[in-house]
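Undergrad: pasting the sequence and the predicted model now:
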Amino acid sequence: MAKEREYRGSGKKLGESIRLACDYCKREGILTEILDKLEKEELVNMFKYEYDEELAKEAARLDGYEEGREDGIEKGREEYVKDLIMRMLRKGKSIESIVSDTDIPMYKVIGIKELMAAEA
(Lines give C-alpha, C1' and ligand atoms only; values in the text may rest on other atoms or scores of the structure.)
Protein backbone atom coordinates (compact mmCIF):
# COMPACT_ATOMS: atom_id res chain seq x y z
CA MET A 1 0.00 0.00 0.00
CA ALA A 2 2.84 2.42 0.77
CA LYS A 3 4.31 1.97 -2.69
CA GLU A 4 0.91 2.45 -4.31
CA ARG A 5 0.45 5.69 -2.34
CA GLU A 6 3.89 6.80 -3.47
CA TYR A 7 2.96 6.25 -7.14
CA ARG A 8 -0.41 7.94 -6.65
CA GLY A 9 1.31 10.87 -4.96
CA SER A 10 3.43 11.34 -8.07
CA GLY A 11 0.27 11.97 -10.10
CA LYS A 12 -0.61 8.46 -11.30
CA LYS A 13 -4.23 7.37 -11.39
CA LEU A 14 -5.35 4.77 -8.85
CA GLY A 15 -5.47 1.76 -11.21
CA GLU A 16 -2.11 2.62 -12.73
CA SER A 17 -0.49 3.17 -9.34
CA ILE A 18 -1.76 -0.24 -8.17
CA ARG A 19 -0.39 -1.96 -11.29
CA LEU A 20 3.00 -0.26 -10.82
CA ALA A 21 3.10 -1.25 -7.15
CA CYS A 22 2.38 -4.88 -8.14
CA ASP A 23 5.22 -4.79 -10.66
CA TYR A 24 7.52 -3.31 -8.02
CA CYS A 25 6.61 -6.02 -5.50
CA LYS A 26 7.23 -8.79 -8.04
CA ARG A 27 10.65 -7.35 -8.90
CA GLU A 28 11.55 -7.03 -5.21
CA GLY A 29 10.22 -10.48 -4.26
CA ILE A 30 7.48 -9.06 -2.04
CA LEU A 31 4.23 -11.06 -1.80
CA THR A 32 5.27 -13.09 -4.83
CA GLU A 33 3.09 -16.09 -3.91
CA ILE A 34 -0.02 -13.94 -3.91
CA LEU A 35 1.00 -11.91 -6.94
CA ASP A 36 1.71 -15.09 -8.94
CA LYS A 37 -1.68 -16.63 -8.07
CA LEU A 38 -3.85 -13.61 -8.85
CA GLU A 39 -4.36 -11.75 -12.07
CA LYS A 40 -3.22 -8.16 -11.95
CA GLU A 41 -6.78 -6.91 -12.55
CA GLU A 42 -8.01 -8.92 -9.55
CA LEU A 43 -5.39 -7.18 -7.44
CA VAL A 44 -6.37 -3.81 -8.86
CA ASN A 45 -10.00 -4.46 -7.89
CA MET A 46 -8.99 -5.67 -4.42
CA PHE A 47 -6.86 -2.60 -3.77
CA LYS A 48 -9.50 -0.28 -5.15
CA TYR A 49 -12.00 -1.81 -2.74
CA GLU A 50 -9.61 -1.29 0.17
CA TYR A 51 -8.90 2.24 -1.00
CA ASP A 52 -12.62 3.01 -1.19
CA GLU A 53 -13.04 1.51 2.28
CA GLU A 54 -10.37 3.89 3.61
CA LEU A 55 -12.20 6.82 2.05
CA ALA A 56 -15.49 5.62 3.51
CA LYS A 57 -13.94 5.34 6.97
CA GLU A 58 -12.50 8.83 6.70
CA ALA A 59 -15.82 10.22 5.49
CA ALA A 60 -17.63 8.51 8.38
CA ARG A 61 -15.09 9.92 10.83
CA LEU A 62 -15.60 13.43 9.46
CA ASP A 63 -19.38 13.02 9.55
CA GLY A 64 -19.13 11.95 13.19
CA TYR A 65 -16.92 14.93 13.97
CA GLU A 66 -19.38 17.30 12.31
CA GLU A 67 -22.32 15.72 14.11
CA GLY A 68 -20.50 16.00 17.44
CA ARG A 69 -19.62 19.60 16.71
CA GLU A 70 -23.23 20.44 15.91
CA ASP A 71 -24.39 18.69 19.11
CA GLY A 72 -21.86 20.70 21.09
CA ILE A 73 -23.03 23.96 19.56
CA GLU A 74 -26.65 23.09 20.33
CA LYS A 75 -25.83 22.18 23.94
CA GLY A 76 -23.94 25.46 24.29
CA ARG A 77 -26.94 27.40 23.04
CA GLU A 78 -29.25 25.57 25.44
CA GLU A 79 -26.90 26.31 28.34
CA TYR A 80 -26.73 29.99 27.34
CA VAL A 81 -30.55 30.26 27.20
CA LYS A 82 -30.82 28.59 30.60
CA ASP A 83 -28.26 30.97 32.13
CA LEU A 84 -29.96 33.97 30.53
CA ILE A 85 -33.36 33.01 31.92
CA MET A 86 -31.91 32.34 35.37
CA ARG A 87 -30.20 35.76 35.44
CA MET A 88 -33.41 37.48 34.39
CA LEU A 89 -35.46 35.64 37.00
CA ARG A 90 -32.91 36.49 39.72
CA LYS A 91 -33.27 40.16 38.73
CA GLY A 92 -37.00 39.89 39.39
CA LYS A 93 -38.25 39.81 35.80
CA SER A 94 -41.63 38.16 35.33
CA ILE A 95 -42.12 35.09 33.16
CA GLU A 96 -44.24 37.12 30.75
CA SER A 97 -41.57 39.82 30.51
CA ILE A 98 -38.82 37.26 29.79
CA VAL A 99 -40.93 35.62 27.07
CA SER A 100 -41.74 39.02 25.56
CA ASP A 101 -38.13 40.26 25.65
CA THR A 102 -36.42 37.08 24.41
CA ASP A 103 -39.00 35.13 22.36
CA ILE A 104 -38.05 32.08 24.42
CA PRO A 105 -41.11 29.80 24.74
CA MET A 106 -43.00 30.16 28.00
CA TYR A 107 -42.71 26.46 28.84
CA LYS A 108 -38.90 26.76 28.89
CA VAL A 109 -38.98 29.78 31.17
CA ILE A 110 -41.44 28.08 33.53
CA GLY A 111 -39.36 24.88 33.53
CA ILE A 112 -36.19 26.76 34.45
CA LYS A 113 -38.03 28.72 37.16
CA GLU A 114 -39.26 25.41 38.62
CA LEU A 115 -35.72 24.01 38.44
CA MET A 116 -34.39 27.02 40.34
CA ALA A 117 -37.09 26.61 43.01
CA ALA A 118 -36.25 22.90 43.42
CA GLU A 119 -32.54 23.69 43.81
CA ALA A 120 -33.19 26.40 46.41
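TA: That came in fine, so what should we check first? Everything numeric here is computed off the predicted structure, so don't read it as measured data. Numbering: from 1, shown residues only.
Undergrad: could you list the low-pLDDT ranges of this structure?
TA: Low-confidence segments of the chain (pLDDT under 70): 1, 38-41, 43-56, 59.
Undergrad: please identify the residue most distant from the middle of the protein.
TA: Farthest-out residue of the chain from its mean C-alpha position, per CA atoms, centre = their mean: residue 92, at 43.3 Å.
Undergrad: this structure: helices as residue ranges?
TA: Taking DSSP state H as the test, the helices found in the chain are 2-9, 14-28, 32-37, 40-90, 95-102, 106-119.
Undergrad: reformat these as TSV; add mean neighbour count.
TA: C-beta: built from backbone N, CA, C; applies to glycine. TSV is the format used below for the helices of the chain (neighbours: other CB atoms under 10 Å):
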stretch	mean neighbour count
helix 2-9	14
helix 14-28	17
helix 32-37	10
helix 40-90	12
helix 95-102	14
helix 106-119	13
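Undergrad: contact partners for residue 99?
TA: Going by CB atoms under 8 Å, 6 or more residues apart in numbering, residue 99 touches 105-106, 109.
Undergrad: go on, residue 84?
TA: 102, 104.
Undergrad: repeat for residue 86
TA: 112, 116.
Undergrad: any idea how far it lies from residue 96?
TA: 17 Å (CB to CB, to the nearest Å).
Undergrad: with residue 21 instead?
TA: Residue 21 is 72 Å from residue 96, by CB to CB.
Undergrad: next: residue 4.
TA: Residue 4 is 68 Å from residue 96, by CB to CB.
Undergrad: same question for residue 15.
TA: Taking CB to CB, one finds residue 15 at 69 Å from residue 96.
Undergrad: now swap in residue 114 and tell me
TA: Distance from residue 114 to residue 96, by CB to CB: 16 Å.
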